[in-house]
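> Pasting a predicted model and its sequence here:
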2 protein chains.
Amino acid sequence: MAPPVAPVRQDWMREHNLSLTLSAVLDASEPVSRAQVAARTGLSRAAVTNLVDRLVEAGLVRELAPVALQRGRPSVPLVPVARTVAALGLEVNVDYLGVRAVDLTGEVIAEQVLHADLRGSEPAVVAARLGRVAGEVRARAVALGARIAGSTLALPGLLDSSSVLRTAPNLGWRDLDAIGLLPAELVGGAVGFTVANEADLAARAEIRARRPDDGKPSFFYVSGEIGIGGARVLGGALSAGSHGWAGEVGHVVVGSSPTSLTRLEDVAGQRALMRNAQLPEGAPFSDLVEAVTQGAPPAVAAVRQAGRALGIALAAVAHISDIDEAVLGGTFAALFDTVAGPVEAALAELVVFSDWVPVAVTRARAGDYAAMTGAALTVIDRLVARPSVWPTAS
Amino acid sequence: MAPPVAPVRQDWMREHNLSLTLSAVLDASEPVSRAQVAARTGLSRAAVTNLVDRLVEAGLVRELAPVALQRGRPSVPLVPVARTVAALGLEVNVDYLGVRAVDLTGEVIAEQVLHADLRGSEPAVVAARLGRVAGEVRARAVALGARIAGSTLALPGLLDSSSVLRTAPNLGWRDLDAIGLLPAELVGGAVGFTVANEADLAARAEIRARRPDDGKPSFFYVSGEIGIGGARVLGGALSAGSHGWAGEVGHVVVGSSPTSLTRLEDVAGQRALMRNAQLPEGAPFSDLVEAVTQGAPPAVAAVRQAGRALGIALAAVAHISDIDEAVLGGTFAALFDTVAGPVEAALAELVVFSDWVPVAVTRARAGDYAAMTGAALTVIDRLVARPSVWPTAS
DNA sequence: ATGGATAAATTCACGGCGTAGATTAAATGC
DNA sequence: GCATTTAATCTACGCCGTGAATTTATCCAT
């Protein structure tokens, strides 16, 4: 479904229209008939009949019993088939690892998360544990009758285009072949195995969390964890840079003293927040949330200061990338009520176009382990882009 | 040639492959044969024969006399037809307005520039002057045998998606219908009339200026004028934001005093540069270039300070948009030898991924009035994307 | 000079695709 | 019970790129 700088043949055209048809069934909030699919996609009814038949045969779309809503021949409602496709989303982060299996409808059909402090861990050991968890989740999905479409791994670091993890500072990993993190049997599947940045994938989950609103959202997603990452979503799609390193907003300069520059993470990273809130080192993040909820002055001041810095960094994002909306995820979602005000104030003060289009600040709607969900969703995306790769037999 | 989220029919496929074929002829540094086009595009020779014949008939491609380079039947070299298509690039800027006509090969076939101080000018008056200049350039192009393909207007300000100029601070214009700036007879043409930001269009000219290097360049272009704008180029294509307001790097925060924030323009805008260099208000910019060339200490210090600030802002761009290369245009191209060092130093110091992919700093290669050229080139782009709109008759 | 080798360009039969319009299927409403 | 209405399907058609065969025009060895 991507724009090819390559010759287009009839089979590409077929694949494109098949993808378009499948998307129409998936994106609809209620079951749709063939006639509705034709109207929404712009394809002729004849073409839709043909395309839907193929999707049904492939087991990606299912027909419900005909319903007569108006007079005339009753329509046959079409729905994405549930629990037949399993897309695996894997994640290794600083304090946990886990795997989530999602089906074509986007529902979680199996998952398992292991909490552990993985700072400075040995990649091979982590790979083995991840492999066990993935095997288990995979087995559960298969027991439900699903076949594996593929998998995507979320990592908290910079990945280059050849799936090498350049650096994951909080894990202490450098220059690691990320493909090698998984056992070979999981690298297969109709749409294969990929690796991506945690913030990018969390943003993908956020796109889906807004689905009921429909439309193609554009926003900048901020992932506040130990470090601060982010991702730009434009028209419902992630827009990464040439190496996939876009959105590293934590390193943006937000101020200076006479002798040094201040970066966002120096003020709003999780460690800086805890320190400025005068909480003991090593205390859990939930202590900060509680302190802020109870109105403890140093905690509130620290969070508001972080909000101002985040607003300054997001103003840079707005000027450089032209955004409508900033979505606060991770720690900033938990602290939203306190942090959002200063962020909004800074944006209104600094962004030149805020008179015409103010930058909205909203709380992330994707649930826990957003990157894991997003990883699985990108597997679905790859399948939807090329429906014909899905093997038609049982 | 854009990726349609719409049904694809055979006529779209045809248009796409026609566009691909035309691009192959245009992008080649030397004349290419049909066989070479087939090899480069991936199309079959049969298809290329058919497609090229249509392009020849449309007057977009011309056959040269056959040449025998190896043994075998001699090949027929194909070249873009010169001086038959005229693409008009128009520009209104702070101290000049002008129009440039470019043909399919990208050569300038006619142009006219009027220097004038347009700060606080009346839009209707400027529109009339621009209309006269455009009429003249148009007439000259037509006299050479060219037909007008369309036109694009470059403006130094924020434009929204419906071609409304929201604000052009240095012209003093606000909320103006930019389409209305042109006389009706110029709004036509096979690919119509559009408006875009001056920095975006200058970046488009920069893409072409690199053509001999081939490949699809990715860089961030900085347009240093009275204000400082910029544009992101990814894989040989401009990537604007949701409103087309991306790249407004002049408003990025680069430091702070205890009481206020410093934006890039406060340090590196043309006025700030002149003031910090201790040159009299109203002196021409060339005085600064001369002072720097002669090594006048306050001028050099001002420019180096601006370079540091620019480096900090470009580090933000690198983190947010993931770039390989920063291209310095406008005032920064004129001051390149002095400004580039501090920019590079700041990038090397601040950009987290500079260990793997250092951000290169280069001087813009597009010539004078880059935005005007770029504006004309986007007209060519629109024609190349839909070659069938070009009327085949004389 | 001449015929084979070689490569470019063209021709043609073919299969695949979406469309438009006709047709069939299955309900409602008077 | 029959016309109406809407969904879904069927059929003829035109267009597209492919691949193999063919034609064209040169080089090269004899």
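Sure, I can see it. Residues are numbered from 1 along each chain as shown, chains lettered A, B, ... in the order given.
> ok, now which ones touch residue A:138?
By C-beta atoms under 8 Å, 6 or more residues apart in numbering or on different chains, the contact list for residue A:138 reads A:86, A:88, A:99, A:101, A:148, A:186. No exception for glycine: its C-beta is placed from N, CA and C like everyone else's.
> Right, and DNA strand D sits closest to which residue of chain A?
Chain A approaches DNA strand D most closely through residue A:72 (2.0 Å), counting by C-beta to the nearest atom of the strand.
> near DNA strand D too, which of the contacts of residue A:138?
Counting by C-beta under 7 Å from any atom of the strand, nothing from those sits close to DNA strand D.
> so which of these comes closest to residue A:15?
residue A:148 (21.4 Å; C-beta to C-beta).
> my read: that closest one touches residue A:141, true?
Yes: if you go by C-beta atoms under 8 Å, residue A:148 and residue A:141 touch, sitting 7.1 Å apart.
> hey, what's in contact with both of those two?
A:86, A:88.
> more neighbours, the two?
Higher neighbour count among residue A:148 and residue A:141: residue A:141, with 24 against 20, using other C-beta atoms under 10 Å in any protein chain shown.
> do you know how far that one is from residue A:147?
9 Å (C-beta to C-beta, to the nearest Å).
> so what sits against both of those two?
What both residue A:141 and residue A:147 touch, as defined by C-beta under 8 Å, 6+ apart, is the set residue A:86.
> Residue A:328 sits in which helix or strand?
Counting by DSSP states H and E, the element that carries residue A:328 is strand A:325-330.
> How far off centre is that strand?
Offset of strand A:325-330 from its chain centre (C-alpha atoms, centre = their mean, to the nearest Å): 12 Å.
> Pairing partners for that strand, with directions?
strand A:219-224 (parallel), strand A:360-363 (parallel) (DSSP bridges).
> Render the CA-only coordinates of stretch A:199-215 in CSV, please.
Extracted in CSV, the C-alpha atoms of stretch A:199-215 (Å, rounded to 0.1, in the frame of the first residue of the first chain):
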residue,chain,number,x,y,z
ALA,A,199,8.2,5.4,21.6
ASP,A,200,7.4,4.9,17.9
LEU,A,201,5.4,1.7,18.7
ALA,A,202,3.7,3.3,21.7
ALA,A,203,2.6,6.0,19.3
ARG,A,204,1.2,3.4,17.0
ALA,A,205,-0.9,2.0,19.9
GLU,A,206,-2.1,5.6,20.6
ILE,A,207,-3.4,5.8,17.0
ARG,A,208,-5.5,2.8,17.5
ALA,A,209,-6.8,3.9,20.9
ARG,A,210,-8.4,6.8,19.1
ARG,A,211,-10.1,4.7,16.5
PRO,A,212,-13.7,5.4,17.7
ASP,A,213,-13.1,9.1,16.8
ASP,A,214,-12.3,8.0,13.3
GLY,A,215,-10.3,10.2,11.0
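> Just put the strands paired with strand A:325-330 in JSON lines and tack on distance to DNA strand D and mean neighbour count.
Converted to JSON lines, the strands paired with strand A:325-330 look like this (distance: least, C-beta to the nearest atom of the strand, whole Å; neighbours: other C-beta atoms under 10 Å in any protein chain shown):
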{"stretch": "strand A:219-224", "distance to DNA strand D": "35", "mean neighbour count": "28"}
{"stretch": "strand A:360-363", "distance to DNA strand D": "37", "mean neighbour count": "17"}
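> Tell me which of these lies nearest to residue B:350.
Nearest to residue B:350, of the strands paired with strand A:325-330 and by C-beta to C-beta, is strand A:219-224 at 19.7 Å.
> I would like the residues contacting that closest one, please.
Residues outside strand A:219-224 that contact it (C-beta under 8 Å, 6+ apart): A:198-199, A:202-203, A:206, A:228-233, A:247, A:249, A:268, A:270, A:310, A:314, A:317-318, A:321, A:323-333, A:362, A:364, A:371.
> How about residues contacting the strand holding residue A:328?
Counting by C-beta under 8 Å, 6+ apart, A:202-203, A:206, A:217-225, A:310, A:314, A:317, A:336, A:339-340, A:343, A:347, A:359-364, A:366, A:370 sit against strand A:325-330.
> now it: mean pLDDT?
The pLDDT scores in strand A:325-330 average 96.
> Stretch A:207-221 now?
The model assigns stretch A:207-221 a mean pLDDT of 86.
> for chain A, which spans come out with low pLDDT?
Low-confidence segments of chain A, defined by pLDDT under 70: A:1-4, A:213-214, A:393-394.
> What parts of chain A come near DNA strand C?
Within chain A, the residues that sit near DNA strand C (C-beta under 7 Å from any atom of the strand) are A:10-11, A:13-14, A:17, A:42-47, A:50-51, A:66, A:68, A:71-74.
> Filter these down to the buried ones and hand me the PyMOL line.
Remark: buried members of these, expressed as a PyMOL selection using 16 or more other C-beta atoms under 10 Å in any protein chain shown:
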select buried, chain A and resi 13+14+17+43+47+51
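> Of the residues of chain A next to DNA strand C, which are in range of chain B?
Subset of the residues of chain A next to DNA strand C in contact with chain B: A:10, A:13, A:17, A:42-43, A:47, counting by C-beta under 8 Å from any C-beta of the partner chain.
> Tell me which two in those residues are the farthest apart.
Longest span within those, C-beta to C-beta: A:10 and A:42, 18.3 Å.
> how does chain A divide up, domain by domain?
A:10-80, A:85-205+A:370-389, A:211-363 (automatic domain parsing).
> Tabulate those domains (a markdown table), appending distance to residue B:118.
Listed next are those as a markdown table, based on distance: least, C-beta to C-beta, whole Å:
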| stretch | distance to residue B:118 |
| --- | --- |
| domain A:10-80 | 45 |
| domain A:85-205+A:370-389 | 42 |
| domain A:211-363 | 21 |
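> where exactly do the helices run in chain A?
A:10-27, A:34-41, A:45-58, A:123-143, A:198-209, A:264-268, A:270-276, A:285-293, A:297-321, A:331-334, A:336-350, A:370-385 (DSSP state H).
> Name the residues that touch the first one?
If I follow you right, that is helix A:10-27. Contacts of helix A:10-27 (C-beta under 8 Å, 6+ apart): A:1, A:4, A:32, A:36-37, A:40-41, A:43, A:47-48, A:51-52, A:54-55, A:60-61, A:78-80, A:104-105, A:211, A:214, A:384-388, B:4-10, B:12-13.
> Tell me what residue A:176 is bridged to.
Beta-bridge pairing of residue A:176 under DSSP bridges involves residue A:165.
> I meant to write residue A:261 there.
With beta bridges defined as DSSP bridges, residue A:261 has these partners: residue A:256.
> got a list of what it touches?
Taking C-beta under 8 Å, 6+ apart as the test, what residue A:261 contacts is A:253, A:255, B:255, B:312, B:350.
> Over to residue A:98?
With C-beta under 8 Å, 6+ apart, residue A:98 has these contacts: A:90-91, A:111-114, A:133, A:369, A:372.
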